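Colleague: coordinates only, sequence not included:
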């Protein structure tokens, strides 16, 4: 019998054992994580930046990766079609959380968001007086 078959037959028992082990050693795991993160701040920062960029790129691909006005792929920015980007970030907590939300809700993303190049985004903000300061 292969490992895959064994796992399928004993899936629930394995999950229960892993869960019990986690709770048994929870404090040690938390202490280790805190110690690791303090000792590896630069590594953690680099990983977080890479992960955030990956999530943003996935959202850009979902929305077409080009400016909806001119078709360029340079300096692409996410734009809320009917303004409200600042309010959306406040609700979600930050850009990264907002990106993850929209990746999980692609139909809503396509309805509310569009991609604009930096130039066309600035023009839209100016014409619609959308600045959020």
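Modeller: Arrived safely. Predicted model, so just to flag it, every value in this text is computed and none were measured.

Colleague: Where do the helices of the protein begin and end?
Modeller: Using DSSP state H, the helices found in the chain span residues 3-9, 11-24, 26-39, 41-62, 85-92, 95-104, 106-112, 118-128.

Colleague: Name the nearest residue to residue 60, sequence neighbours excluded.
Modeller: residue 76 (6.2 Å; Cβ to Cβ, 6 or more residues apart in numbering). Heads up, the C-betas are built off the backbone N, CA and C, glycines and all.

Colleague: Touching, the one you found and residue 119? I think so.
Modeller: No: contact criterion Cβ atoms under 8 Å: residue 76 and residue 119 do not qualify, at 11.1 Å.

Colleague: higher neighbour count, these two?
Modeller: The residue with more neighbours, out of residue 76 and residue 119, is residue 76; 19 against 15, by other Cβ atoms under 10 Å.

Colleague: For that one, give me its contacts.
Modeller: Applying Cβ atoms under 8 Å, 6 or more residues apart in numbering, we find residue 76 in contact with 60, 65, 66, 67, 115, 116, 117.
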